[in-house]
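J.: Quick one: sequence plus predicted model below, questions after.
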Amino acid sequence: MENKKARLLKISILKYDPHVKGDKPHIETFEIEEAPGMTLFIVLNDIREHYDASLKFDFVCRAGICGSCAMLINGRPGLACRTLTAKLDPEIMLAPLPFFELIGDLSIYTGRWMRGLNERLETWIHAQEEIDVHKLEERMEPELAEEIYELDRCVECGCCVAGCGTIQMRENFVGAVGMNKIARYQLDPRDKRSNKDYYELVGDEDGVFGCMTLLGCEDVCPKDLPLQSKIAYLRRKMVEIGK
Amino acid sequence: MNAKNNHKINKVPARLDFIQSATGLILALFIWAHMFFESSILFGKESMYAMTVFFEGYYFLGERYPFLIAVLGFFIFAVFILHALVAIRKFPSNYRQYRIFRNHMKSFRHTDTSTWFIQIVTGFVMFFLGSVHLYIVMSQPGDIGPYASSDRMVSEWMWPLFLLLLIAVILHAGIGSYRLCLKWGWFEGKNAKKSRQILKKFQYGFIAFFMTLGLLSIATYMKIGFEHQGHVGERYHSVEHAGKQVQK
Ligand code: HEM
Ligand code: HEM
């Protein structure tokens, strides 16, 4: 292996704990020697272990599955555990995702907002009759199942919300996470809701017609969900109802 | 909540979105055609003259009827106003929203977010500049032609307005049409990400092409306008149509 000198990373973190009296938002900078294959997850743990035990941030899975570690990385929403420092300049700015409730430093509470969204959009299968667990499920074409499961991969990390200029201005907007979910249930033949029902959920300025197609969501989604294409699909379906 | 029942849904939001896009599309297509017509001056006064009398119905009706241009102007004006009325919903509705968007845009540094702001600014600018131009088109439809238009640019000091309007409208139409495609999923194909990159190239290409065309046209009108400064008010006499006493 080449014996290149490791880079010195300058990690600046926007620190602020609203629960601590007198605390004000301020930036603290830490210098860390880069290691091969280093992710921001490793960096943050390093900082907490060696420099600042009070630093707050969220992690569960460390593998881009749980969606807890979303934060602004140089102003761009992303998952810390999936971000290799090697891909970034040595000066890195970290801040909590905007819009969501701040717990402290980089830790935010996406759960409450996401739960509200799911209740508002009723993101569960609306079957017509009671499901008989003894009967075989109706068959579904594999392509359709694939398509639905693709959209089901959303981990509700909040990146699309933080990358959405529309929702920053208009808080009631459902965001890409919401529209993706509606598109997912709209595709699912087990859900007996009609397009008219979906229209009642997203057929207004807080829903799909509020989307201004800035496509920040599409570009930051860590799961690479086809958000642009699904929002366009939903828009076409919903505008038909308005005829 | 199965809505087999007939309780009313509000169709207005769907219709507004449709109107916004439809009027935007009409205006974008119109303006690109307009830039080609205008640029006839690059091929000489005679070409521009022929273009003018074409729109005045000369080649169909045997005589020139400038009011036809006023009618077209009125139609475009109506679409223009409708588009502005509907699109204005999207403007930041107070300073707080404006501030939030600007901060988001600055820290995010994301092209399609930033270009939206250009759309807002250019849309706002066109409200005024576009209206002035269209009003003159409607009120003086007879004063279009190689000399009349050039005099307007130079002797009537309209070139600064046209320059700003050109920059605004070409950016707005280029960005708007790109967004339109993504918004409705047009030309999406099998690979939406790839199509978007291609559409983006078209966006830049259209802007560059029509901006160049428009700038060259304005420059040409201005050149003619300066040369014609001593004869303001005089109209162009067609070489070809001279015998037929068509004047302009
Ligand atoms: C009074 C002048 C105008 C104003 C205030 C205005 C404003 C706007 C705004 C705010 C948008 C963004 C809408 C959104 O985010 O969803 C927009 C979109 C658009 N505009 Fe304009 N505009 C004006 C004139 C024009 C003209 C002259 C053209 C054509 C040359 C045009 C073409 C478009 C197109 C193609 C779109 C995209 C439509 C869509 O996203 O649905 N606009 N306009
Ligand atoms: C039916 C409607 C329209 C007609 C008949 C028309 C006609 C003309 C004419 C004759 C000129 C040459 C200068 C002059 O004589 O004043 C001109 C220039 C121009 N017009 Fe229009 N126009 C129309 C609508 C619009 C609209 C809606 C816009 C944009 C919002 C626009 C933008 C411009 C620009 C930027 C120029 C500068 C010339 C250039 O760069 O080639 N026009 N138009």
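T.: Yep, it's here. Ligands and ions are numbered 1, 2, ... in the order given.

J.: now chain B, which segments are flagged as low pLDDT?
T.: B:1-7, B:240-248 (pLDDT under 70).

J.: Enumerate the residues of it near chain A.
T.: B:1-4, B:9-18, B:89-90, B:92, B:97, B:100-101, B:104-105, B:107-110, B:112-113, B:116, B:179, B:182-185, B:188, B:192, B:196 (C-beta under 8 Å from any C-beta of the partner chain). Using the backbone N, CA and C atoms, a C-beta is placed for each residue, glycine as well.

J.: Hmm, residue A:212 is touching residue A:166, no?
T.: Yes - Residue A:212 sits in contact with residue A:166 when judged by C-beta atoms under 8 Å, with a separation of 5.1 Å.

J.: Name the residue in the two with the higher neighbour count.
T.: Using other C-beta atoms under 10 Å in any protein chain shown, the more surrounded residue of residue A:212 and residue A:166 is residue A:166, with 24 against 20.

J.: where do the helices sit along chain A?
T.: A:40-50, A:111-121, A:142-152, A:159-162, A:165-169, A:175-187, A:195-202, A:216-220, A:227-241 (DSSP state H).

J.: just these: most buried one?
T.: The highest average neighbour count among those, using mean count of other C-beta atoms under 10 Å in any protein chain shown, belongs to helix A:159-162 at a mean of 29.

J.: Measure how far it is from the centre of its chain, please.
T.: How far helix A:159-162 lies from its chain's middle: 5 Å, per C-alpha atoms, centre = their mean, to the nearest Å.

J.: by contact count, what packs against that helix?
T.: strand A:70-73, strand A:76-79, helix A:175-187, helix A:216-220 (3 or more C-beta pairs under 8 Å, 6 or more residues apart in numbering or on different chains; DSSP states H and E).

J.: The strand or helix carrying residue B:193 and ligand 1, any residue contact?
T.: Element membership for residue B:193, per DSSP states H and E: helix B:192-227. No - counting by C-beta under 6 Å from any ligand atom, ligand 1 is not contacted by helix B:192-227; separation bottoms out at 10.0 Å.

J.: now the helices of chain A in CSV, with mean pLDDT and distance to residue B:206?
T.: Converted to CSV, those look like this (pLDDT from 0 to 100; distance: least, C-beta to C-beta, whole Å):
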stretch, mean pLDDT, distance to residue B:206
helix A:40-50, 96, 39
helix A:111-121, 97, 37
helix A:142-152, 96, 33
helix A:159-162, 98, 29
helix A:165-169, 97, 23
helix A:175-187, 97, 27
helix A:195-202, 96, 32
helix A:216-220, 98, 22
helix A:227-241, 97, 20
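
J.: nearest to ligand 1, of those?
T.: Shortest distance between ligand 1 and the helices of chain A, using C-beta to the nearest ligand atom, is found for helix A:165-169: 8.6 Å.

J.: Can you report how many residues lie near residue B:19?
T.: Neighbour tally, residue B:19, other C-beta under 10 Å: 16.

J.: Give me the spatial nearest neighbour of it, chain neighbours excluded.
T.: residue B:86 (5.2 Å; C-beta to C-beta, 6 or more residues apart in numbering or on different chains).

J.: what's the helix or strand for that neighbour?
T.: Using DSSP H and E, residue B:86 falls in helix B:67-87.

J.: Flag every buried residue along that helix.
T.: B:68-70, B:73, B:76-77, B:79-80, B:82-84, B:86-87 (16 or more other C-beta atoms under 10 Å in any protein chain shown).

J.: Give the buried residues for the following helix or strand past that helix.
T.: Sequence-wise, the next helix or strand downstream of helix B:67-87 (DSSP H and E) is helix B:95-108. Buried residues in helix B:95-108, counted by 16+ other C-beta under 10 Å: B:100, B:101, B:104, B:105, B:108.

J.: gap between the last one and ligand 1?
T.: What it means is residue B:108. 16 Å (C-beta to the nearest ligand atom, to the nearest Å).

J.: I'd like the distance from stretch B:12-28 to the chain centre, please.
T.: So, by C-alpha atoms, centre = their mean, the centroid of stretch B:12-28 is 16 Å from its chain's centroid.

J.: what about it and ligand 2, any contact?
T.: No - Stretch B:12-28 lies out of reach of ligand 2 by C-beta under 6 Å from any ligand atom, never closer than 6.6 Å.

J.: For chain B, which residue gets nearest to chain A?
T.: Using C-beta to the nearest C-beta, the single residue of chain B nearest to chain A is residue B:14, 2.3 Å away.

J.: Show the backbone phi and psi for that residue.
T.: Note on residue B:14: backbone dihedrals following degrees, to the nearest 10 are phi -60, psi -40.

J.: residues touching the residue of chain A found nearest ligand 1, list them.
T.: Proximity of chain A to ligand 1 (C-beta to the nearest ligand atom) peaks at residue A:212, 3.9 Å away. Contacts for residue A:212 (C-beta atoms under 8 Å, 6 or more residues apart in numbering or on different chains) come out as A:165, A:166, B:90, B:116.

J.: just those that are near ligand 2?
T.: Counting by C-beta under 6 Å from any ligand atom, no member of those reaches ligand 2.

J.: State the pair within the residues you listed that is farthest apart.
T.: Farthest apart among the contacts of residue A:212 by C-beta to C-beta are A:165 and B:90. That separation is 10.8 Å.

J.: helices or strands up against the helix or strand hosting residue B:160?
T.: When secondary structure is defined by DSSP H and E, residue B:160 falls within helix B:159-184. The contact analysis (3+ C-beta pairs under 8 Å, 6+ apart) places helix B:159-184 against helix A:227-241, helix B:12-38, helix B:111-139, helix B:192-227.

J.: ok, 10 Å please
T.: On a contact count with 3 or more C-beta pairs under 10 Å, 6 or more residues apart in numbering or on different chains; DSSP states H and E, helix B:159-184 meets helix A:227-241, helix B:12-38, helix B:111-139, helix B:146-154, helix B:192-227.

J.: Mark out where each domain of chain A begins and ends.
T.: A:8-108, A:110-130+A:137-242 (automatic domain parsing).

J.: Relative to residue B:61, which of those domains is closest?
T.: When the domains of chain A are compared (using C-beta to C-beta), the closest one is domain A:110-130+A:137-242, at 40.5 Å.
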